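Chemist: Pasting the sequence and the predicted model now:
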Amino acid sequence: MKGRVEAIIGAQWGNEGKGRVIDALGDGFDIFARYQGGANDGHTVIIDDKKLLFHLLPSGMLYHGKLCVIGGGVVIDPELLLTEIKELQEKGMDRARLIVSRNAHIVMPYHKVLDKAQEDIRGKGHRIEMASKGMWPCYVDKHTRAGIRLEDIVNEHKLRSKLEWILEEKNMTLKRLYDKSPIAFDEVFNLACQWGRELSPYLADTSLEINDAVNNGKNVLIEGAQGTLLDIDNGTYPYVTSSSPVSAGACLGLGIAPNNIDRVLVVVKSYSTRAGEGPMPTEDDGEIGNYLRDKGGEYDVAAGRPRRCGWIDIVALNYALRINGAQSIILTKLDVLTGLDKIKFCTAYEVEDNIYHNFISEADFLSEVKPIYEEVPGWTENISECRKFDELPKAAQGFLRIIEERCKTPILLVGVGPQRHQLIDMGL
Ligand code: GDP
């Protein structure tokens, strides 16, 4: 019998808590697969009171005997990947087998330099990814067919012939466009060969491995990174990422067919957050925003940058459910709302006396909309020990039911704390 394939996708602008959800659901799966993104992403997993942050490794790395897959849609910063592997090995927590697609593109040193150079020119207000991790220049090269893939760095002859013309072109760009010094060929070549040697044990035809495994009854959990509203095509362009975090992206990034995905679950926070620039209709830069930020710990892990916070946006959530073809919702951080008098949720947008019930991804339009809120009473009881829907205060129950009703989609799990067991199974 064929195995099950399920996808966990962020419904908002990332940081929804996908890592902990994947960790919680992991027991029932044999394979954990990542399909897009790269070093910019960060999954937090808490296990035995230890907090682990993975940028590139699939969350399933902590499970004994599982197969973890980095698909061809992910861009790989080899230094970061090797460091993450080493760290897990040192902690004795490298419990799974890792394979990386031979098609995955490599973030080369010149990508980072180009990233930084362009960010400087764009200036504040137009910056997309502040981290200068070289991801978008890597994705650009992928699409202009000037990319270096994992299969290239494990083959010195092939790498040399590709890198010769690519680096020449990069150095011209760096010098003429950005007034930067050229990068020496040997430096890049030797480094890439070294990465190739260290990563070669992980290289695989990941599409074939996954499809064969599913045909042999293995279950696959697909791990989305970032979130739907950051999708290059369906997000709030240009304030988006360079890849496709939506469920369809999983098919491309892993080499699996759409009809092989059995279930899509979107993860949504009980409120909204956004890191970086771009429209966010429910952003609250007053008391509520501060409350959610402090209580929810809404600061970027790497940069410590505060995230923008506000009430949950049901218009955007319905959009995410549609774009991803999601069957269920996983709602995280309900505990963060504890203590608020009333809880608001946005059910429509208003622009110049017109009411919109559907999300419109156009950034300029979205930055003008005024959210229309409805509200329900809040609760003060500590809910972090609740494990069943019936144990929640009536007001919290009401909030969950109204989300289900407004989204016409059931909630599968509710997060009431960051720990693995702090989840309510809604008993679907
Ligand atoms: P991801 O990229 O979607 O995995 O999200 P992040 O790694 O940015 O994680 C979200 C943060 O929220 C992590 O620190 C989690 O431990 C934490 N978290 C996840 N679910 C819950 C929850 O239900 N309640 C609380 N209080 N924290 C949570």
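Modeler: In hand now; what should we look at? Keep in mind that this is a model prediction, so the values were computed, not measured.
Chemist: and residue 348, helix, strand or coil?
Modeler: Recorded secondary structure, residue 348: strand (DSSP: H, G, I helix; E, B strand; the rest coil).
Chemist: Which residue does the stretch 101-250 of the chain have closest to the ligand?
Modeler: Of all residues in the stretch 101-250 of the chain, residue 225 sits closest to the ligand, at 6.9 Å by C-beta to the nearest ligand atom. (C-beta placed from N, C-alpha, C; glycine too.)
Chemist: Output the set of residues of the protein in proximity to the ligand.
Modeler: Contact residues, the chain versus the ligand (C-beta under 6 Å from any ligand atom): 10, 14-20, 42-44, 46, 332-333, 335-336, 415-418.
Chemist: Just the ones in helices from the residues you listed, please.
Modeler: Counted as lying in helices by DSSP state H, out of the residues of the chain next to the ligand, are 18-20.
Chemist: residue ranges of the strands in the stretch 51-200 of the chain, please?
Modeler: 67-70, 75-76, 97-101, 105-106 (DSSP state E, counting those that start in this stretch).
Chemist: To residue 356, which of those strands lies closest?
Modeler: Closest approach to residue 356 among the strands of the stretch 51-200 of the chain (C-beta to C-beta): strand 75-76, 35.0 Å.
Chemist: Show residues contacting that closest one.
Modeler: With C-beta atoms under 8 Å, 6 or more residues apart in numbering as the test, strand 75-76 has contacts from 37-39, 56, 70, 100, 104-107, 135, 138-139, 142, 150, 199, 243.
Chemist: Walk me through which strands it pairs with, and which way each runs.
Modeler: With DSSP bridges as the test, strand 75-76 is paired with strand 105-106 (parallel).
Chemist: circling back: adding mean pLDDT and mean neighbour count, write the strands of the stretch 51-200 of the chain out as CSV.
Modeler: Converted to CSV, the strands of the stretch 51-200 of the chain look like this (pLDDT from 0 to 100; neighbours: other C-beta atoms under 10 Å):
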stretch, mean pLDDT, mean neighbour count
strand 67-70, 96, 26
strand 75-76, 97, 27
strand 97-101, 96, 22
strand 105-106, 98, 24
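Chemist: Same list, the ones you listed, but as JSON lines with distance to residue 218 please.
Modeler: Formatted as JSON lines, the strands of the stretch 51-200 of the chain follow (distance: least, C-beta to C-beta, whole Å):
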{"stretch": "strand 67-70", "distance to residue 218": "8"}
{"stretch": "strand 75-76", "distance to residue 218": "24"}
{"stretch": "strand 97-101", "distance to residue 218": "13"}
{"stretch": "strand 105-106", "distance to residue 218": "27"}
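Chemist: nearest to residue 85, of the ones you listed?
Modeler: Closest to residue 85 of those is strand 97-101 (C-beta to C-beta; 7.1 Å).
Chemist: what pLDDT does residue 128 get?
Modeler: In this model, residue 128 is scored at 56, pLDDT.
Chemist: Tell me the spacing between the residue in the chain that the ligand sits nearest to and residue 112.
Modeler: When distances are taken as C-beta to the nearest ligand atom, the chain reaches nearest to the ligand at residue 415, 2.2 Å away. Distance, residue 415 to residue 112, using C-beta to C-beta, to the nearest Å: 35 Å.
Chemist: Ok, residue 8 next?
Modeler: Residue 8 sits 29 Å away from residue 112, taking C-beta to C-beta as the criterion.
Chemist: So these two - more neighbours on which side?
Modeler: Ranked by neighbour count (other C-beta atoms under 10 Å), residue 8 and residue 112 place residue 8 first, with 24 against 19.
Chemist: what pairs with the residue nearest to residue 91 when sequence neighbours are not counted across the strands?
Modeler: Computed as C-beta to C-beta, 6 or more residues apart in numbering, the closest residue to residue 91 that is not its neighbour in sequence is residue 50, at 8.0 Å. Residue 50 has these beta-bridge partners by DSSP bridges: residue 47.
Chemist: Contact partners for residue 208?
Modeler: Going by C-beta under 8 Å, 6+ apart, residue 208 touches residue 255.
Chemist: ok, it to residue 239 distance?
Modeler: Residue 208 is 36 Å from residue 239, by C-beta to C-beta.
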